[in-house]
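Asker: sequence first, then the predicted structure:
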Amino acid sequence: IGTAGHVDHGKSTLVKALTGIDPDRLAEEKARAMTVDLGFAWLTLPGGQSVSVVDVPGHERFIKNMLAGVGGIDAALLVIAADEGPMPQTTEHLAILDLLGVDRGVIVLTKTDAVESDWLDLVREEVRERVSATTLASAPIVAVSALTGKGLPTLLDTLETVLASATGHDGVRAPRLPVDRVFSVAGFGTVVTGTLSGGEIATGDELRLYPRDRRVRVRGLQSHQEKVSRALPGRRTAVNLSGITTEEVQRGDVLAPSGVMTPSQRLDARLRLLPDAPVTLKQNDEVDFFAGAAELPARITLLDRERLNPGETAWVQFRFRSPLALLKNDRFIVRRASPSETLGGGEIVDPNPPRHRRFRPETIASLETLAAGSPDEILLQALEQRPVEIKELRSGTP
């Protein structure tokens, strides 16, 4: 699960109250009493299930760090202080969760010890209205006080119910770990962390660090600070790597088996601008592109129109100066660099496309098939466009 919400609404305090772990690990965070980068913790639900927690910064200056942490979550804790109600980053974080398709979560009203019951009812009504047009429209609302502990048992029970309906990690897909932290441990060397998805990884596995062509070996694994021989999907995982230095890894890289992904400098996608997006996008505009834990500048080719207005959706091709590695159906966010604001997001339909010419009906038809077609239709279309290697068919990248 991952937190979301405005600065100083009590996300980190709530995580500490639930887990006993302070997610603010940096000296700067403790000095400023404000989350700056991603924090991590874990808890055990009443039924015994172990759950990883990613705590994100709420300040607008650190939205990029927030985006690096919410890409792999199964459910969100949208935290709103009862004494203030929804604030600017409440709205932006909620929009990001909606664009990423996070459709499970709990809305937590914190600091309830500071308000009267009538005020709390008004805030609850306002929050329900704010989320009504998003993926969290039906999310339960739980009022708590991290200071007194009131409501925390109810929150844990509610979270267990919400996670019970989440899609399980069946482990049949190839494992992927988007790297969100890189550091060195004396006597062990390079360690990377991230939220593992897809399948399992085990000590001794040979993996590739994407998008660069670097082969590495898993020297050791930890999950929730316990040494394990196999890491399970859905868990926060620390991987001790051999064959690479910390200088050769960066946030946004991806650990996965060789052949699973094909790095590319182009992506085809369906892009939706937020209704309140501050700009209209034009052909060749540059945006900041976020997916997984990666962040890159990208140029936009509008394939089916001259302009993309707020609230509209269009087929686009993103063009990058350097390659990145993603898969079909991965979600992404786009923001403008200055002033830094979230513009929209969407879903990738082709992670390794050819260059397209604009306003071609056959291109749009091809993208529509990729987005909604049957597996047979997608395979036939891929074979018509270019030769397809067996490894691509196995990974689902065509």
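Answerer: That came through, no problem.
Asker: beta partners for Thr195?
Answerer: For Thr195, the beta-bridge assignment (DSSP bridges) gives partners Arg236.
Asker: start at 42 instead
Answerer: Taking 42 as the first residue, the last one we looked at is Thr236.
Asker: ok, now which ones touch it?
Answerer: Residues counted as contacts of Thr236 (Cβ atoms under 8 Å, 6 or more residues apart in numbering) are Ser93, Val95, Gly112, Gly113, Ile114, Leu218, Pro219, Asp221, Gly275, Arg276, Arg277, Thr278. Heads up, the C-betas are built off the backbone N, CA and C, glycines and all.
Asker: leaving out sequence neighbours, find the closest residue to the first one.
Answerer: Going back to what we said before, that points to Ser93. On the basis of Cβ to Cβ, 6 or more residues apart in numbering, the spatially nearest residue to Ser93 that is not a chain neighbour turns out to be Arg277, at 3.9 Å.
Asker: cool, the fifth one as well?
Answerer: Once its chain neighbours are removed from consideration, Ile114 has its nearest residue in Gly43; the separation is 3.9 Å (Cβ to Cβ, 6+ apart).
Asker: what's the end-to-end length of stretch 269-279?
Answerer: Stretch 269-279 stretches 10 Å from its first residue to its last (Cα to Cα, to the nearest Å).
Asker: list the buried residues for it?
Answerer: By neighbour count with 16 or more other Cβ atoms under 10 Å, stretch 269-279 contains the buried residues Val269, Ala272, Leu273, Pro274, Gly275, Arg276, Arg277, Thr278, Ala279.
Asker: for this protein, longest helix please?
Answerer: As far as residue count goes, and with DSSP state H defining each element, the longest helix of the chain is helix 158-172.
Asker: parallel or antiparallel, which strands does whatever helix or strand comes next after it pair with?
Answerer: Elements were assigned by DSSP states H and E; along the chain past helix 158-172, the next helix or strand is strand 182-184. Paired strands of strand 182-184, with direction, are strand 146-151 (parallel) (DSSP bridges).
Asker: pLDDT of the partner strand, averaged?
Answerer: In this model, strand 146-151 carries a mean pLDDT of 98.
Asker: what residues does it touch?
Answerer: Counting by Cβ under 8 Å, 6+ apart, 42, 50-51, 54-55, 116-123, 138, 161, 164-165, 168, 172, 177, 180-187, 196, 199-200, 203 sit against strand 146-151.
Asker: by how many degrees do it and helix 158-172 diverge?
Answerer: Taking axes from the mean of the first three to the mean of the last three Cα atoms, to 10 degrees, one finds strand 146-151 and helix 158-172 inclined to each other by 150 degrees.
Asker: Thr342 touches Gln324, doesn't it?
Answerer: Yes - taking contacts as Cβ atoms under 8 Å, Thr342 lies within contact range of Gln324: 6.9 Å.
Asker: could you pull out the strands for the stretch 192-341 of the chain?
Answerer: 218-219, 222-226, 230-236, 242-243, 247-251, 255-264, 267-269, 271-272, 277-283, 295-297, 305-314, 322-323, 327-332, 335-343 (DSSP state E, counting those that start in this stretch).
Asker: how is Thr132 assigned, secondary-structure-wise?
Answerer: Each residue gets one of three states, and Thr132 gets helix by DSSP: H, G, I helix; E, B strand; the rest coil.
Asker: what's the answer for Asn393, then?
Answerer: Per three-state DSSP, the secondary structure class of Asn393 is coil.
Asker: how many residues are close by it?
Answerer: The burial count assigned to Asn393 is 21, neighbours taken as other Cβ atoms under 10 Å.
Asker: distance of it relative to Gln306?
Answerer: Taking Cβ to Cβ, to the nearest Å as the measure, Asn393 falls 10 Å from Gln306.
Asker: so what touches stretch 386-393?
Answerer: For stretch 386-393, the external contacting residues (Cβ under 8 Å, 6+ apart) are 137, 140-142, 302-303, 305, 307-313, 332, 354, 366-375, 408, 411-412, 438.
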